[in-house]
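Participant: give me a 3D structure for the following:
(2 chains)
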There are 2 protein chains.
Amino acid sequence: MRGEFSFIERFLAAFPRARVPVGPGDDCAVLAPSRGALCVTTDAVVEDVHFTRALFSPEDIGHKALAVNLSDLAAMGATPRWFLCALALPKAFPERELWRMAQGMSALAREHRISLVGGNFTSARELSVTITAAGELQRPALTRKGGRPGDLLYVSGTLGDARLGLSHLQAGKRRSPAILRQRRPVPRVALGRLASRFASAGMDLSDGLAQDLGHLCDASRVGAEVELAYLPMSLAVRVELGLEGALAGGEDYELLLAVPLARAPAFERACARVGERVTRIGRLIRGHRRLLRGAGGRLIPPPPGFDHFQAAGR
Amino acid sequence: MRGEFSFIERFLAAFPRARVPVGPGDDCAVLAPSRGALCVTTDAVVEDVHFTRALFSPEDIGHKALAVNLSDLAAMGATPRWFLCALALPKAFPERELWRMAQGMSALAREHRISLVGGNFTSARELSVTITAAGELQRPALTRKGGRPGDLLYVSGTLGDARLGLSHLQAGKRRSPAILRQRRPVPRVALGRLASRFASAGMDLSDGLAQDLGHLCDASRVGAEVELAYLPMSLAVRVELGLEGALAGGEDYELLLAVPLARAPAFERACARVGERVTRIGRLIRGHRRLLRGAGGRLIPPPPGFDHFQAAGR
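Facilitator: Here you go, the predicted structure:
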């Protein structure tokens, strides 16, 4: 695209210079070999799919684009190391907004000490940001498939806030704690690293608990029981969305973790020590059934539309 | 997006299973530490910017999206190892076309033994494919900045064909060797590896020789002299576009290499031995001037619009 070079320089200026053998500006970035295994992930945020420019500031967009990738690294227990940023910009995209987007991304990058090592600019009809992030593992990766029957299920933080934030935004509200959760998700990087010492399986919650737990169950070839009374919800989600907010609200970017019974007390103590909020919400079971238990242990049928909560092949 | 999971499976089915600790399907891919340094690059192809669905088959699009990234790895002298593919698909994108796109990409991936280890799907208004590719270095990377005055300049293949192919397509032609160069660029991976034993600097030609040589000169802080009579052109480019095709035609994905005088004979012999076509087109000079020499050594002013061929700050 025309003016690509000044655009790139403007964007890069928001980030600290990466301490790598070759950084942005050449055909490739060059990285010294990692000591541990490398985790890599790619995730995009697209205008009018993941955000609108009316409801998200450029800083929000920059933050969110990186946050969703860091959340994937967190889910594996990896320490963030470097990332590449591919930007697709509509013609006449204001340079000022590009700068603000870089600021939002850069603030989160500094917080997690992850270096921008390269990227790409192209024009496009709509704005999109595709990031590829890499992290290093100090111990075996936390995957979706290590869960065993009897493992306890935990989630971090509270569920449903990002969905509530989206409906607040769509209703014309401009400020609520839930809106912040929608615009500025917090990747649980420190918790992921901690959890990799205890958990048998883990993933981040991007599509909502019901659907994502379904993926973990499929990968681990187990079933699950969730105690609805335990689901951690903010008062606002409880009142405005109810249980469906916690089960089906996407984009929370909290972690879902399976922890073997014997390691659960030590895991809970370790979380308490560093102030990481986790809540036990149920357990993995033999077979393929995914069960919701209400008050008094009563089984409750999954709400309609929860296809992915059902076991495959049912 | 709805139906994301079947789409992903359909796409992945076109590729051999990656031999890595964790492949597609988890939050991240996990890769064993590389022995050599890692080269990483990200590049996107976007509908109506880099291709149109009327003039490119799905196989062409899949091929080209990977080829432009492999070309960046080639430019550094890296051996391709793994890649991630982020797809943005318009609603109701036909699954059959997705499959064909995967076929085009997979054929090129097999040829270069590079593994698809992960990716992402999102919906979007226009089709785009953003690939992040990584290669491993056996020796120091070939960068843009190692060129020295006196080094000889070489390019691979012929120049201007991709630009000619585009104008053929736009004029309604459906078949010509130039069209193949536009739709199915050939990344010069083997040549890049060979060149890394001899060259002081290198890059791939994506924006046209004049502009890209300008980048190499800027990075190496040198000037350059190009002998116009030496520029390698197919007969079709020579007749239909003339010199401007070779100087300004983009998307050739040939390599531009600077080779110290003392190593040039060995470099040329090594290329001849393995059948890699390279042509000496000029040399790097002290200072910042970029000169074009015509017949008899006469200096020719750069054609208008060749801003990037001028030294910065002139």
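Participant: so which residues of chain A form strands?
Facilitator: A:29-31, A:38-46, A:79-89, A:115-123, A:128-136, A:152-156, A:201-204, A:223-227, A:255-259, A:278-285, A:290-293, A:299-300 (DSSP state E).
Participant: so is the first one next to chain B?
Facilitator: Yes. In terms of CB under 8 Å from any CB of the partner chain, part of strand A:29-31 sits within range of chain B, namely A:29, A:30, A:31. Quick note: C-beta positions are derived from backbone N, CA and C, even for glycine.
Participant: can you list the residue ranges for helices in the stretch 1-150 of chain A?
Facilitator: A:4-12, A:58-76, A:95-111 (DSSP state H, counting those that start in this stretch).
Participant: chain B is nearest to which of those?
Facilitator: Of all the helices of the stretch 1-150 of chain A, helix A:58-76 sits nearest to chain B, with 4.0 Å by CB to the nearest CB.
Participant: what mean pLDDT does that closest one get?
Facilitator: When pLDDT is averaged over helix A:58-76, the result is 98.
Participant: what's it packed up against?
Facilitator: strand A:38-46, strand A:79-89, helix A:95-111, strand A:128-136, helix A:177-183, helix A:189-195, strand A:201-204 (3 or more CB pairs under 8 Å, 6 or more residues apart in numbering or on different chains; DSSP states H and E).
Participant: cutoff 6 Å now
Facilitator: Contacts defined by 3 or more CB pairs under 6 Å, 6 or more residues apart in numbering or on different chains; DSSP states H and E place helix A:58-76 against strand A:38-46, helix A:95-111, strand A:128-136, helix A:189-195, strand A:201-204.
Participant: and the second one with strand A:79-89, angle?
Facilitator: Okay, so that is helix A:95-111. Computed with axes from the mean of the first three to the mean of the last three CA atoms, to 10 degrees, the direction of helix A:95-111 lies at 170 degrees from that of strand A:79-89.
Participant: which residues are in contact with helix A:95-111?
Facilitator: A:10, A:11, A:14, A:15, A:58, A:59, A:61, A:62, A:63, A:66 (CB atoms under 6 Å, 6 or more residues apart in numbering or on different chains).
Participant: give the contact list for the first one.
Facilitator: What it means is residue A:10. Here residue A:10 is in contact with residue A:95 (criterion: CB under 6 Å, 6+ apart).
Participant: need the pLDDT of it.
Facilitator: pLDDT, residue A:10: 85.
Participant: and residue A:178, how far from chain B?
Facilitator: Distance of residue A:178 to chain B, given as CB to the nearest CB, to the nearest Å: 23 Å.
Participant: what bits of the stretch 1-150 of chain A have low per-residue confidence?
Facilitator: Residue ranges of the stretch 1-150 of chain A with pLDDT under 70: A:1-5.
Participant: so which bits of it are right by chain B?
Facilitator: Counting by CB under 6 Å from any CB of the partner chain, the stretch 1-150 of chain A comes close to chain B at A:22, A:26-34, A:37-44, A:46, A:49, A:72, A:75-76, A:84, A:86, A:120, A:122-126, A:130, A:132, A:141, A:143-144.
Participant: now neighbour count too, for the residues of strand A:29-31 next to chain B, in CSV please.
Facilitator: Below are the residues of strand A:29-31 next to chain B laid out as CSV (neighbours: other CB atoms under 10 Å in any protein chain shown):
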residue, neighbour count
A:29, 28
A:30, 23
A:31, 25
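Participant: show me which of the residues you listed is closest to residue B:266.
Facilitator: residue A:30 (24.9 Å; CB to CB).
Participant: spatially nearest residue to the closest one (excluding sequence neighbours)?
Facilitator: Excluding the flanking residues, the one nearest residue A:30 by CB to CB, 6 or more residues apart in numbering or on different chains is residue A:22, at 3.7 Å.
Participant: quick one: the strands of chain A as CSV, columns for distance to residue B:289 too.
Facilitator: What follows is the strands of chain A, written out as CSV (distance: least, CB to CB, whole Å):
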stretch, distance to residue B:289
strand A:29-31, 30
strand A:38-46, 42
strand A:79-89, 33
strand A:115-123, 28
strand A:128-136, 38
strand A:152-156, 60
strand A:201-204, 54
strand A:223-227, 70
strand A:255-259, 58
strand A:278-285, 64
strand A:290-293, 70
strand A:299-300, 78
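Participant: poorly predicted segments of the stretch 201-314 of chain A, please.
Facilitator: A:303-314.
Participant: at 50 instead, please
Facilitator: Where the stretch 201-314 of chain A drops to pLDDT under 50, the residues are A:311-314.
Participant: for it, which residues are neighbours of chain B?
Facilitator: residue A:203.
Participant: for chain B, what's its nearest residue on the stretch 201-314 of chain A.
Facilitator: Closest point on the stretch 201-314 of chain A to chain B, by CB to the nearest CB, is residue A:203, at 5.5 Å.
Participant: same deal with the stretch 101-250 of chain A?
Facilitator: Closest point on the stretch 101-250 of chain A to chain B, by CB to the nearest CB, is residue A:132, at 4.0 Å.
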